[in-house]
Structures are given as C-alpha cells and as structure tokens.
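Asker: Sharing a model that was predicted from the sequence below.
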Amino acid sequence: MWRIDSALDEAGAPYDRKAAGYDRLVRSRTYNRLLWKTSPDDYEAFAAAAIAEDDGPLLDVGAGSAAATAHLHAASGRPTVLVDTSRAMLERAGERIGDDAPHVSLLQADALALPLEGGFTTVLCMGLLHLFDDPAALVDALCAQAAPGGTVHVSALVAETAIGRRYLRVLHRAGEVAAPRTAAELSAALGGIELDARGSMAYASIRR
Ligand SMILES: C[S@@+](CC[C@H](N)C(=O)[O-])C[C@H]1O[C@@H](n2cnc3c(N)ncnc32)[C@H](O)[C@@H]1O
C-alpha cells in the first residue's frame, strides 16, 4: 500500500481544493487544444523520454496527481520520489500508481526546501515553473538535486498564443500563476536556457 511521507506536517496546500477539477481538465484534448494550443500527447512524450533516459534515481517535483506520468513511473522500475505540497494531489498520484510499485515513494514537501540529499540522475518538473515569481530559484533548487551529469527536465505554460496569454492573465489576476511570460522572457529569466515552445507549453532539458 502506498503512503505519503510529509515534511510539511501534512499542512494544506492550494491544490488540495483543486485536485478533482485539475484532474478532469489536464488530460482533456479539447481543453489543451482550445486554451493552450497544445496536446496531452506532447506532454506525456516529454515525460516518457525523461523517465526512459536512464535507470538511476528519479525525482519528480510538483508531480501533482501524476495524471500523465503514473503509468510511466509505475513501469520504469527506477527508484523514484514524487514530491508535491498538496497531499490531495499526491493521494491521486498514489491511487493511479497503485500498490505494485515499491520503487516509487510519495513526499509532501516544498520544491524550494526539499529534505533530500540529491544525487538524482533525472529531475522532472512539469507544469510548475509558471507558478513561481522567481523561476530561476526553482530551477536552482532542481539542479541542486541532480547528480553530476544528470538532467533536469522542465515544462511551463508561456504566453505564446493570444488565447493562452489572455487565460494566463486571468489566472494571474486570480492569484493562480505568476505574471505571464513569453518563452523568450522565461528563457531570459533562466539565464538563456533553450526552450522549445509548442503552443503555450514550453519544454527544456538542462544537463548538469
Ligand atoms: C499544474 S500542477 C502540475 C502537476 C503535474 N506535474 C502535471 O504535470 O500534471 C502543479 C503542481 O505543483 C504543486 N506545487 C505548487 N507549488 C509547489 C511547491 N512550492 N513545491 C512543490 N509542489 C508545488 C501543486 O500542488 C500542483 O500539484
């Protein structure tokens, strides 16, 4: 049976109340196509390539409900830690991954204060950067967990399409995301790392 360890005294988190709604939307082809001009297949393929790149320890930060990644993590056999501030999201991840994946552990913790010792050959962080006012601080925290020669893979929503830009502004006004950034602005904020924007979703892989 899966269980969730906590470095946050099992505190509540904003995504606790959004977990069910997020799960409904995140894999929807219509939602992704209409609002973000992107595809759940691209998103999953990016995660699949990261998870398949190596067989060393893997850290997935802001793993959420693992809607796109649960089956990949369950099948990989890699020692894997899924981190999120939201217990409700991690519970959904645990349900999806199931009881037959002892190589996967679930940890409620803050990405900027990870109680881990690093050494991960792959660090994955999908859909989290656009929540941060200071994305470089998050990338620094992710890189600190990567083993020498390891890779940090990130994805983020960016203001690359008219409708995506408008929706990000609405979400920003509601306090859900940081101020919208284009892919070029996000790249600059991250010291010039190369981003591959597909619709409003940008992807990057950073070698340590
Ligand atoms: C947009 S969801 C992405 C979930 C998942 N990676 C995916 O792609 O479906 C963002 C997740 O990041 C989590 N989160 C937000 N701030 C965090 C932080 N400071 N540390 C760890 N997780 C955080 C939220 O609880 C939420 O589950």
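Answerer: Noted; the coordinates are in hand.
Asker: who in the protein is up against the ligand?
Answerer: 13, 15, 26, 62-64, 67-68, 83-86, 89, 110-112, 126-128, 131 (C-beta under 6 Å from any ligand atom). Any C-beta I mention is one placed from the backbone N, CA and C, and that applies to glycine too.
Asker: Produce a ChimeraX select command limited to the buried residues of those residues.
Answerer: The following ChimeraX line selects those of the residues of the chain next to the ligand that are buried, judged by 16 or more other C-beta atoms under 10 Å:
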select :13,15,26,62,63,64,67,68,83,84,85,86,89,110,111,126,127,128,131
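Asker: among the residues of the chain next to the ligand, which are in strands?
Answerer: Using DSSP state E, the members of the residues of the chain next to the ligand that fall within strands are Val83, Asp84, Met126.
Asker: Tell me the secondary structure at the residue lying closest to Thr69 once chain neighbours are set aside.
Answerer: Nearest residue to Thr69, sequence neighbours excluded (C-beta to C-beta, 6 or more residues apart in numbering): Ala47, at 4.9 Å. The three-state label given to Ala47 by DSSP: H, G, I helix; E, B strand; the rest coil is helix.
Asker: Mind naming the longest strand for this structure?
Answerer: Per DSSP E, the chain has its longest strand at strand 146-157.
Asker: That one pairs with which strands, parallel or anti?
Answerer: strand 120-126 (parallel), strand 201-207 (antiparallel) (DSSP bridges).
Asker: Residue ranges in the protein under the pLDDT threshold?
Answerer: Within the chain, no range satisfies pLDDT under 70.
Asker: quick one: the residue of the chain found nearest the ligand from Asp23, how far?
Answerer: Here the chain gets closest to the ligand at one residue, Gly64, 2.6 Å apart by C-beta to the nearest ligand atom. According to C-beta to C-beta, to the nearest Å, Gly64 and Asp23 sit 9 Å apart.
Asker: what residues do these two have in common as contacts?
Answerer: Residues touching both Gly64 and Asp23 (C-beta atoms under 8 Å, 6 or more residues apart in numbering) are Arg92.
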